[in-house]
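Student: sequence-free structure coming up:
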């Protein structure tokens, strides 16, 4: 058994907790440092999962006992922390998005692309075992030429207004996962067409954001991708993926905590509600994401999305926003 | 287009109505005579589906314009009517059971087996398109050697007490269909083991009958068949069939009027209740049963169950009754 | 039993045959006249389903024994035949589309809207029992406020090149059904956004048409509709419909001829392929469409789509074509 | 966080490995001692999961640092080891069966029933989250009065001949799990009716054992339980459970590693094969079984099956064997 990889973690909010727990439960990882400007959060996380707590990012970059970093702090801090990690030569896994402003991303791009240490983006869904298997099977040619993807992604309930305000809008905050999933299958997207709606949430409308959107992507081979989002879903977390090809189709349906089917006088073959939260639906994905990152740090060929993937997803989100606002299809060149 | 086959029908109760409707809707059949001792029933049926009405069976045997007979009258009349049909040389389709008394069946056996006209038993389920396809696929070897059958058959609601009183008991009235379905796949059953229960119906218990039974059959190759019956089912007509073989399994599940799936806060993927009545579930089966009989009368090799099948099912029902009452496995020899 | 409605039928191609068969099998309808410029087709249809054959439309308008007309002839004849039916005061059921040219439709509009006899459009899918039930349940409020519709509609195989050439393009020929289905739930569509692709068919590409399209519709309440079409589908006719609302979701999935599930060493719970043709999938729908038309002619409130629905679907098809060609969302005003 | 419970483990075969892994992965447990007469196995297990290795059971009973014991050694050692654990006053979790000989079980019974430390039997399926939820829902009255249970349990492939030889036969080795599952819902079984077959395995037949069996149990309220077993299953581990009650039905179906559905030209809605091994299917159950044992040791009311449950299952297995050999229903009195 090799020595566990020693991690430093930025951010102890909801997603920071997920990563801390993944590190703690992996025999290949240990939590060495926890950093959060709210030092109480850092202390509590360190007490629970191990490591030293600090409010100062500089402490982590100065530490001698960190092999890898996870950036799960607030979005505006990502670019600066990646930059410093690159300077320090420490492998880094950064939560999406890199930033809400593509110009800040582009400013870091050359440096990140030239980095000799792994820079990995936290698009965890690529590591969901079902989506990953589906991607492998499509890549293996099981359904012939891939022609269409259909992604349905609906959150159980709308986020708090405070979150919406700093989220960057539904395309950059929520659809960004679906953009990356589309690119998991069809990396070179060439156009984005989007429509947005305000269907149920006065708070989201007041923030100038959409609570539901539909996006059509075209890939370079003419493949069509539809993404359907809503910020609420009465029946739980709605996460479906469908790949249609010349020879067949593959689907991942929804998953719930129970497989029991019930039969009553009015309804038959009924299952209990689906998972009510992304942490339950994607628990495995977060674990596998960490394992893949550890593999990459250990020198294996990376299976993880990188800086360019983070940039591409943001470009698509920006294009979707523009399309939804102007009623025009927006062409993109992700390779430029 | 050939001339329609001219039918005489005995019995205008529930099942007589089914046959009258099948005849009326088939371009290959016409209803010529309707006989019922309750002549009002005969008149009403003739008015609706065509033909002449009478209370006298003799009128049908004397008629010159009858090509085939359907016996859907009460069970005690079956043996005598089949006998007369054989004397008259008229093809006959008789509802199950031939009789509740095996000695009466055996008394007619030699004559029926030697008949030159078709004598067909109304085990309609063999003509359900799903069960028929399943049987073909098993026979084709799709699942290798057939090893086990599981038949679940539950009625939506218990029959009226008056019906129970003359039904001959659950094995001869209800399970008899399942015995025939078992024999559709495994004709030579060699032993019967049954357990009965009184789970919910005081009326059925008062009649000395079971309201739920479980039967295990063994076929000559050691194959095992389980039959599960109940006289009620909260979620509608429960009719499932499963064939397990050395290379795989084939199933027919339940069927309902709606394919819609609903998703709510508590239940997902829920379908509306199944068919609530055998007439809806087996509507196609009754039609195809008639068409197969017409084919047989027209000289094609018979695809229909015959007198021996009717006798075998009754022997199995008798054996099940004996087994349930004695707690012993009962060996049978259907070929004796 | 009332006297059957006496029908005159224009057109004896594929869809004409469907209507002839529906008429012949309904006790409430009889086929009185059959008209086709290819008089052999008219003769053959009349021989099979009844009625007199002619190559001359004028014969039908002059006939005294016609109560209702069905127009299933080639699209360019529709406007003229409706017009004459209106002049003759005969109720008419016309196949979609009314015409490929909206100006011809608009020229007839005032007269059709003012007509005192029923003018019904052949959008048969509204009469599919599953879609109809779903629409009733949505209308009843079962899923709360309707927010999103997802329609997937893929044909088993591309049509012959000769058909493509006169089809008016995929939007006017194929998607038009989906436009009408969207309007079955959300009549007032206000914008159309479409993308088209050439994914597999050189013949369709050569004709300047798309072989796959994705359309987003917005309704007046902000509801979003996605339509996904392909001219081929390896696994049979792919016809799915999903309504998402504030309180839940309702789905109609695909339907096949067999409900058998198979289990083998590599695949479990597998069903045989779906229906391979629209005539099988929508057999009931065509029958119920005819019955609804007969009801309307008999004076009941119409449950059928009318001229305005036919016009609206064409406007949406035109808008989709324009959107796909220009990369712009196209606003429409169906009530203008 | 409390101090982990210190475990001693007897047996390092397949099932011993499962328990060692469960202990190692639980923050509430630690592996302190590992005992196996094949000391290499003990050493390897201790090296992997912690603890000291020995070939001598006496070492464990003499150890001061053991809070609880798990007996996963060969069946003939169980009674003696439980006895010593009771003498030593150490809580014990023993794998099923207690013994193959009911007289040896009965000899220990009074002592075990009077024990002041927990004696728990390893019927892990009660802790499968799906079965456990189903039991809770039945107990809550969701389906009214429980009337029938249907248990299907088929192993992917027959065990090695050496295993069969010492297994005690299919009823005591395999069906015993299903007997316990039946008693999870209906503790007081009053009769056993069984049929056995030799359908495919010459080796099992040569050993005088059955390779497939069907059992009917009756519970004291007249409830009927059917159990269907086979020693092979082409499509993987077949583990289904169905509870039928006066108001409805609840089912747990099969579970596989993948939820992907595939669609091809011949098969639709197909899932990949089920789990191929009980360790995968019941991974969670083994973990939860350990946690429940730890809770019991910690003084919580036991949720685990105990000695009486182990004895009852063996009595049912013996009765099934007798029934299958004699063709008679065998009455049992589990409370005697």
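Tutor: Everything's here; your move. Remember, predicted model here, so these are calculated numbers, not experimental data.
Student: State the mean pLDDT of the helix or strand residue A:194 falls within.
Tutor: Under the criterion DSSP states H and E, the helix or strand holding residue A:194 is strand A:189-197. For strand A:189-197, the mean pLDDT works out to 98.
Student: And that strand, what does it pack against?
Tutor: On a contact count with 3 or more C-beta pairs under 8 Å, 6 or more residues apart in numbering or on different chains; DSSP states H and E, strand A:189-197 meets helix A:176-185, strand A:212-219, helix A:307-326, strand A:330-331, strand C:189-197, strand C:212-219. Any C-beta I mention is one placed from the backbone N, CA and C, and that applies to glycine too.
Student: Reformat these as TSV; add distance to residue D:176.
Tutor: Converted to TSV, the helices and strands packed on strand A:189-197 look like this (distance: least, C-beta to C-beta, whole Å):
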stretch	distance to residue D:176
helix A:176-185	46
strand A:212-219	54
helix A:307-326	53
strand A:330-331	65
strand C:189-197	59
strand C:212-219	56
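Student: Please tabulate the ones you listed in JSON lines, including the columns distance to residue C:310 and mean neighbour count.
Tutor: Shown next, in JSON lines, are the helices and strands packed on strand A:189-197 (distance: least, C-beta to C-beta, whole Å; neighbours: other C-beta atoms under 10 Å in any protein chain shown):
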{"stretch": "helix A:176-185", "distance to residue C:310": "36", "mean neighbour count": "24"}
{"stretch": "strand A:212-219", "distance to residue C:310": "26", "mean neighbour count": "25"}
{"stretch": "helix A:307-326", "distance to residue C:310": "31", "mean neighbour count": "23"}
{"stretch": "strand A:330-331", "distance to residue C:310": "34", "mean neighbour count": "16"}
{"stretch": "strand C:189-197", "distance to residue C:310": "14", "mean neighbour count": "24"}
{"stretch": "strand C:212-219", "distance to residue C:310": "17", "mean neighbour count": "25"}
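Student: pLDDT score assigned to residue A:25?
Tutor: Here, the pLDDT recorded for residue A:25 equals 88.
Student: same question, residue A:2
Tutor: According to the prediction, residue A:2 has pLDDT 67.
Student: My read is that residue A:234 contacts residue B:264, right?
Tutor: Yes. Proximity of residue A:234 to residue B:264 meets the contact threshold set by C-beta atoms under 8 Å, at 6.5 Å.
Student: quick one, which of those two is more surrounded?
Tutor: More neighbours surround residue A:234 than the other of residue A:234 and residue B:264, with 22 against 19 (other C-beta atoms under 10 Å in any protein chain shown).
Student: is it fair to say the more buried one lies in a strand?
Tutor: No. With DSSP: H, G, I helix; E, B strand; the rest coil as the criterion, residue A:234 is assigned coil and is not in a strand.
Student: ok, now which ones touch it?
Tutor: B:263-265, C:143-144, C:245-249 (C-beta atoms under 8 Å, 6 or more residues apart in numbering or on different chains).
Student: which of those residues tops the neighbour count?
Tutor: With neighbours taken as other C-beta under 10 Å, the top of the contacts of residue A:234 is residue B:263, carrying 28 neighbours.
Student: how near is the closest residue to residue A:173 other than its chain neighbours to residue A:156?
Tutor: Excluding the flanking residues, the one nearest residue A:173 by C-beta to C-beta, 6 or more residues apart in numbering or on different chains is residue A:167, at 3.8 Å. To residue A:156, residue A:167 is 16 Å away according to C-beta to C-beta, to the nearest Å.
Student: same question, residue A:218
Tutor: Distance, residue A:218 to residue A:156, by C-beta to C-beta: 30 Å.
Student: what secondary structure does residue A:275 sit in?
Tutor: Three-state assignment for residue A:275 (three-state DSSP): coil.
Student: Could you tell me how many residues sit around it?
Tutor: Residue A:275: 19 surrounding residues under other C-beta under 10 Å.
Student: That one reaches residue A:256, doesn't it?
Tutor: Yes. Counting by C-beta under 8 Å, residue A:256 is a contact partner of residue A:275 at 5.9 Å.
Student: what sits in contact with each of these two?
Tutor: Taking C-beta under 8 Å, 6+ apart as the contact rule, residue A:275 and residue A:256 both touch residue A:236.
Student: Figure out how far stretch A:232-242 is from the centre of its chain.
Tutor: 16 Å (C-alpha atoms, centre = their mean, to the nearest Å).
Student: any idea how far the residue nearest to the spatial centre of chain A lies from residue A:93?
Tutor: When C-alpha atoms, centre = their mean is applied to chain A, the residue found nearest the centroid is residue A:123 (3.1 Å). Counting by C-beta to C-beta, the gap from residue A:123 to residue A:93 is 11 Å.
Student: can you check residue A:36 too?
Tutor: For residue A:36, the distance to residue A:93 - C-beta to C-beta - is 17 Å.
Student: Then residue A:235?
Tutor: Distance, residue A:235 to residue A:93, using C-beta to C-beta: 32 Å.
Student: just residue A:311 next, same as before
Tutor: 16 Å.
Student: do the same with residue A:51
Tutor: Distance, residue A:51 to residue A:93, by C-beta to C-beta: 16 Å.
Student: ok, now residue A:270?
Tutor: 40 Å.
Student: Check which residues of stretch A:51-65 are buried.
Tutor: By 16 or more other C-beta atoms under 10 Å in any protein chain shown, the buried positions in stretch A:51-65 come out as A:51-54, A:57, A:60-61, A:63.
Student: To clarify, my last question referred to stretch A:95-110.
Tutor: Buried residues in stretch A:95-110 (16+ other C-beta under 10 Å): A:95-102, A:104-105, A:108-109.
Student: Name the residues that touch that stretch?
Tutor: Counting by C-beta under 8 Å, 6+ apart, A:11, A:15, A:70-72, A:75-76, A:78-79, A:82-83, A:121-123, A:168, A:172-173, A:176-177, A:180, A:307, A:310-311, A:313-315, A:317-318 sit against stretch A:95-110.
Student: What degree of burial does residue A:240 show, as a neighbour count?
Tutor: Residue A:240: 15 neighbours (other C-beta under 10 Å).
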